[in-house]
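S.K.: Next comes the sequence, and after it the predicted model I'd like to discuss.
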Amino acid sequence: MSKMLTIRCAKCKSKTFRYLKIGKGRVLHCWKGRIIEDYSIHEGMEIKCQCGNLIGIDEEKWIKMKQNAFIH
């Protein structure tokens, strides 16, 4: 079971990722190989929206998502 998610910033509602979600449950982290389109800003290890809101932290294979910073 897979579906395409549009992950948006909770603050300004702009697109951050288009992500292929496999399985059910919450989005705790995003595997980099499943990110189809990336609209985010990468500042070192931090992944941010265009408005500057911190969305997640880059942990090499995946991005650990900050739970209250995004909606899908």
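M.R.: Ah, there it is.
S.K.: contacts, neighbours, all on C-alpha from now
M.R.: Will do.
S.K.: Just give me the neighbour total for residue 21.
M.R.: Residue 21: 19 surrounding residues under other C-alpha atoms under 10 Å.
S.K.: Strands along this structure, start to end?
M.R.: 2-9, 15-22, 29-31, 35-38, 41-43, 46-48, 54-59, 62-65, 70-71 (DSSP state E).
S.K.: Between strand 2-9 and the second one, find me the angle.
M.R.: With axes from the mean of the first three to the mean of the last three C-alpha atoms, to 10 degrees as the basis, strand 15-22 and strand 2-9 are set at 160 degrees to each other.
S.K.: Check the offset of strand 15-22 from the chain's centre.
M.R.: Offset of strand 15-22 from its chain centre (C-alpha atoms, centre = their mean, to the nearest Å): 7 Å.
S.K.: what pLDDT, on average, does that strand get?
M.R.: For strand 15-22, mean pLDDT is 93.
S.K.: what sits against the nearest residue to residue 14 once chain neighbours are set aside?
M.R.: In space, and not counting its chain neighbours, residue 14 is closest to residue 8: 5.4 Å by C-alpha to C-alpha, 6 or more residues apart in numbering. Residue 8 sits next to 14, 15, 16, 17, 70, 71, 72 when contact means C-alpha atoms under 8 Å, 6 or more residues apart in numbering.
S.K.: Lovely, talk soon.
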